[in-house]
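Colleague: show me the folded form of this:
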Amino acid sequence: MTGPAPDRIWADALLALRLFASDPHGFGGVVLRAAPGPVRGAWLDHLREALNPGAPFRRMPPGIGDEGLLGGLDLAATLSAGRPVTQTGLLAAADGGVIVVPMAERLEPGIAARLAAALDTGWAGPQGVPARFGLVLLDEGRDDEAAPTALADRLAFRLDLDAVPPRLAVADALTPEAPEGASEGDPVEMLCTLAAAFGIASPRAPILALRAARALAEAGLPGATVTAARLVLAPRAERLPEPAPEPPQENEREETPPGENQEHEREPAPPEDVVLDAVRAAIPPRLLDLLLAGGLRRSEARAGRGGRPEAVARTGRPVGHRAGDPRRGRLDLLATLRAAAPWQPLRGGQAGRLQVRKDDLRIRRLRRRVETTTVFCVDASGSAALERLAEAKGAVEALLAEAYVRRDRVALVAFRGRGADLVLPPTRSLTRAKRGLAGLPGGGGTPLAAGLDAALSIALGVRRGGGNAVVVVLTDGRANVGRDGTGGRAKAGEEALAAARALRQAGLPALVIDTGARGGGAKPMADAMAARYLALPRLDGGAIGAAVRAIR
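Modeller: Numbering: from 1, shown residues only. Purely as a prediction, here's the structure:
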């Protein structure tokens with residue numbers, strides 16, 4: 001399964017465009033995943049042309065505040081006129097049209113919440129002005145970066161145009177065809193059953209799909225329900241449908257009591273295989289690869305570089321303001337003037353002079369980026385060296401490169417013989433990390449408990465310094481050396497499980513990569529650690545990197 005062909009992706013993208021343009025607020029909008037270029041530009045041009053004449057087509061500026069989004073006091077006009085002058089916000093200005101949101105994967109949570117509220121109610125601003133618009137979220141994120149889930153859930157369509165070549169952007173759209181033999185049946189029942197089959201829990205998905213099916217049926221398009229499921233449900237799939245059970249044999253049918261047969265006859269029939277195949281074939285390739293790998297990574301767009309969480313601090317970038325004492329924070333002059341301006345007529349000040357009182361003072365809210373340190377705990381014992389140490393080193397190098405791109409720090413602990421060594425203290429130097437990894441020798445016993453203790457100590461030190469820590473353990477799980485350096489598999493195994501439980505109690509996110517030839521040896525330790533478990537024989541560098549990003 002490789003996903004739909006590029007021409008089919010473009011045809012469906014244009015069909016979704018026409019549906020969205022016919023009722024922007026009713027369909028909510030489109031999450032458009034595409035890099036800047038001719039394909040995305042052509043799609044946006046088609047959308048502008050498909051909208052009703054005179055419908056607003058606005059682009060949200062980066063860093064927009066509440067005043068620009070919802071409307072409010074126009075500070076410059078107010079100071080010039082000497083009386084409060086209000087301005088129209090972006091949401092009200094886009095009433096009846098579309099708002100394009102660039103870099104939606106970096107959208108601030110507060111702005112996303114205001115957009116979602118306006119989509120739900122159709123109103124915006126303190127005065128409650130009409131704001132019935134649709135959104136186009138331009139998702140340019142990589143890997144786990146994505147538009148806010150709560151906002152994307154309200155939008156009917158999700159399009160991934162990365163696989164569409166530029167030559168198709170100027171070609172005529174293909175006419176979608178209903179699958180041969182597809183039975184329409186009851187659209188409500190079919191769409192709800194399809195949503196359940198693909199693991200879609202949100203009730204908005206089948207509702208939006210039903211709205212699309214009715215619009216397609218009114219336009220006279222055959223196979224409206226199946227086409228709507230392809231457009232709305234397929235990109236939201238959380239799992240692949242389970243194969244249909246084999247039909248009972250003739251002798252089994254005869255032995256079934258009559259009452260049970262009647263009960264089965266009353267159950268709603270599942271969608272036909274051809275319908276499931278049609279929807280499954282429309283799943284985007286990127287999403288299909290994740291589903292085939294066994295699961296879908298859930299992520300939220302978070303403020304900060306690389307999608308890492310941030311913390312409120314005395315230094316960093318401004319993320320708003322609040323009432324406060326400037327001696328305990330940075331004065332936000334513009335916010336202070338906005339707070340004082342409406343009260344000037346009541347304060348009876350002299351012309352041309354602004355009276356500012358204590359209650360008007362506003363200080364900035366700052367947020368700093370929280371650094372993440374990935375602590376690699378690598379098994380360099382004899383069993384690992386004989387089996388998978390070379391592949392384990394390759395996996396660690398892939399993870400080191402991923403951490404370097406994200407400007408994270410890395411630390412490396414190796415355990416072998418009778419104890420554990422700190423090969424590399426937390427650093428951002430990729431060259432230094434690779435040098436320490438290349439010189440890592442193999443051989444000796446497996447002091448797994450000592451390695452986990454060392455990784456826990458480093459991770460807790462990172463946390464005390466105000467950072468986040470992630471522990472990645474690469475081992476076959478066959479401990480045979482205890483904390484005191486003496487041999488014995490039973491004692492060493494118990495101590496390793498105790499060390500794993502200590503990591504769990506510390507609340508540290510962890511990943512266990514089983515480097516054993518057959519796999520499964522490190523599973524009990526991963527369970528005790530409450531860590532995600534992966535077997536190295538079934539992984540590649542990309543899958544390992546995705547697993548580390550998922551536990552951050």
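Colleague: now do the helices in the stretch 101-250 of the chain.
Modeller: Ranges of helices in the stretch 101-250 of the chain, per DSSP state H, counting those that start in this stretch, are 109-121, 149-152, 187-197, 204-218, 224-228, 250-255.
Colleague: want to throw those into a markdown table with mean neighbour count and distance to residue 362?
Modeller: (Glycine included, C-beta is placed from N, CA and C.) Output for the helices of the stretch 101-250 of the chain, formatted as a markdown table (neighbours: other Cβ atoms under 10 Å; distance: least, Cβ to Cβ, whole Å):
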| stretch | mean neighbour count | distance to residue 362 |
| --- | --- | --- |
| helix 109-121 | 18 | 16 |
| helix 149-152 | 18 | 28 |
| helix 187-197 | 20 | 46 |
| helix 204-218 | 20 | 37 |
| helix 224-228 | 27 | 48 |
| helix 250-255 | 8 | 75 |
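Colleague: pLDDT below threshold where in the stretch 1-150 of the chain?
Modeller: Scanning the stretch 1-150 of the chain for pLDDT under 70 picks out 1-3, 76, 142-144.
Colleague: strands of that one, residue ranges please.
Modeller: 29-33, 57-59, 72-73, 86-87, 98-101, 123-124, 129-130, 134-139 (DSSP state E, counting those that start in this stretch).
Colleague: adding distance to residue 495, write these out as a markdown table.
Modeller: As requested, the strands of the stretch 1-150 of the chain are exported to a markdown table (distance: least, Cβ to Cβ, whole Å):
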| stretch | distance to residue 495 |
| --- | --- |
| strand 29-33 | 48 |
| strand 57-59 | 60 |
| strand 72-73 | 62 |
| strand 86-87 | 67 |
| strand 98-101 | 53 |
| strand 123-124 | 60 |
| strand 129-130 | 66 |
| strand 134-139 | 47 |
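Colleague: how about these in TSV, adding mean neighbour count?
Modeller: Shown next, in TSV, are the strands of the stretch 1-150 of the chain (neighbours: other Cβ atoms under 10 Å):
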stretch	mean neighbour count
strand 29-33	26
strand 57-59	15
strand 72-73	18
strand 86-87	16
strand 98-101	23
strand 123-124	22
strand 129-130	15
strand 134-139	26
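Colleague: which one of the helices of the stretch 101-250 of the chain lies closest to residue 342?
Modeller: Residue 342 lies closest to helix 109-121 among the helices of the stretch 101-250 of the chain, at 21.4 Å (Cβ to Cβ).
Colleague: contacts for that closest one, please.
Modeller: Outside helix 109-121, the residues that touch it by Cβ atoms under 8 Å, 6 or more residues apart in numbering are 25, 28-29, 64, 66, 69-70, 91, 101, 124, 131, 133, 135, 148, 150-151, 154, 301-303, 320.
Colleague: buried subset of those residues, written for ChimeraX?
Modeller: Remark: buried members of these, expressed as a ChimeraX selection using 16 or more other Cβ atoms under 10 Å:
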select :25,28,29,69,70,91,101,124,131,133,135,148,151,154,301,302,303
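Colleague: to residue 496, which of the helices of the stretch 101-250 of the chain lies closest?
Modeller: Smallest distance to residue 496 across these (Cβ to Cβ): 37.3 Å, for helix 149-152.
Colleague: list the contacts of that closest one.
Modeller: By Cβ under 8 Å, 6+ apart, the residues outside helix 149-152 that reach it are 31, 104, 107, 112-113, 115-116, 119, 135, 137, 146, 158, 298, 300.
Colleague: for residue 493, state which of those residues is nearest.
Modeller: Nearest to residue 493 among those, with distances taken as Cβ to Cβ, is residue 298, at 33.6 Å.
Colleague: just checking, residue 408 touches residue 370?
Modeller: No. Counting by Cβ atoms under 8 Å, residue 408 does not reach residue 370; the two are 10.5 Å apart.
Colleague: between the two, who's got more neighbours?
Modeller: More crowded of residue 408 and residue 370, by other Cβ atoms under 10 Å: residue 408, with 22 against 14.
Colleague: one step back: for residue 374, find the nearest of the strands of the stretch 1-150 of the chain.
Modeller: Shortest distance between residue 374 and the strands of the stretch 1-150 of the chain, using Cβ to Cβ, is found for strand 134-139: 25.8 Å.
Colleague: may I have the closest one exported as PDB, CA atoms only?
Modeller: This file holds the C-alpha atoms of strand 134-139, laid out as PDB (Å, rounded to 0.1, in the frame of the first residue of the first chain):
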ATOM      1  CA  GLY A 134     -13.500  29.500   7.200                       C
ATOM      2  CA  LEU A 135      -9.800  28.700   7.900                       C
ATOM      3  CA  VAL A 136      -6.900  27.500   5.800                       C
ATOM      4  CA  LEU A 137      -4.200  26.300   8.200                       C
ATOM      5  CA  LEU A 138      -0.900  26.100   6.300                       C
ATOM      6  CA  ASP A 139       1.000  23.300   8.000                       C
END
